[in-house]
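Colleague: Quick one, structure for this:
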Amino acid sequence: MTFVEAAVAVLRQHGRPLHYKKLVEMALRQQLLTHAGRTPEETMQTQLALAIKRAPDRTPFVDAGNGLYGLKSYP
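Modeller: From the prediction side, this is the model:
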């Protein structure tokens with residue numbers, strides 16, 4: 001699972017914005033990431049920021065500030 005897919009899964013489970021470091025911690029705990037690399041926290045933050053920047057209308061994410069990311073809508 002990619003970082004973006006893992007973030008969506010974790011955010012849907014928790015129903016509220018989470019800090020990108022917490023997203024990584026939970027994704028790793030649930031073994032959602034197929035490849036974490038050396039700096040998974042930096043990768044998560046970069047991937048979420050890029051998803052928002054590249055396609056703000058199509059991304060499911062919102063930047064809540066201070067490292068918090070959430071979904072535009074929760075189930």
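Colleague: Only C-alpha atoms from now on, for both contacts and neighbour counts.
Modeller: Fine.
Colleague: Any idea how many residues pack against Ala27?
Modeller: Neighbour count for Ala27, taken as other CA atoms under 10 Å: 21.
Colleague: Over to the one 4 residues further on?
Modeller: Applying the criterion other CA under 10 Å, we find 13 residues in the vicinity of Gln31.
Colleague: And what about it, helix, strand or coil?
Modeller: Per DSSP: H, G, I helix; E, B strand; the rest coil, the secondary structure class of Gln31 is coil.
Colleague: Can you give the distance from the helix or strand harbouring Val10 to the centre of its chain?
Modeller: For Val10, the enclosing helix or strand under DSSP states H and E is helix 3-14. The gap between where helix 3-14 is centred and where its chain is centred comes out at 6 Å by CA atoms, centre = their mean, to the nearest Å.
Colleague: Now do the buried residues in that helix.
Modeller: Phe3, Val4, Ala6, Ala7, Val8, Val10, Leu11, Arg12 (16 or more other CA atoms under 10 Å).
Colleague: Let me see the contact set for the last one.
Modeller: For Arg12, the contacting residues are Leu71, Tyr74, Pro75, taking CA atoms under 8 Å, 6 or more residues apart in numbering as the criterion.
Colleague: got it, and His14?
Modeller: Contacts of His14 (CA under 8 Å, 6+ apart): none.
Colleague: ok, it to Asp57 distance?
Modeller: Separation of His14 from Asp57 (CA to CA, to the nearest Å): 23 Å.
Colleague: And the next helix or strand past the lengthiest helix in the chain?
Modeller: With DSSP state H setting the assignment, residue counts place helix 40-54 as the longest helix in the chain. Going down the chain from helix 40-54, the next helix or strand is strand 61-65, by DSSP H and E.
Colleague: and that following strand, which strands flank it?
Modeller: Sheet pairing here is set by DSSP bridges, and for strand 61-65 it gives strand 68-71 (antiparallel).
Colleague: Might you calculate how far the partner strand sits from the centre of the chain?
Modeller: Centroid separation between strand 68-71 and its chain, computed with CA atoms, centre = their mean, is 7 Å.
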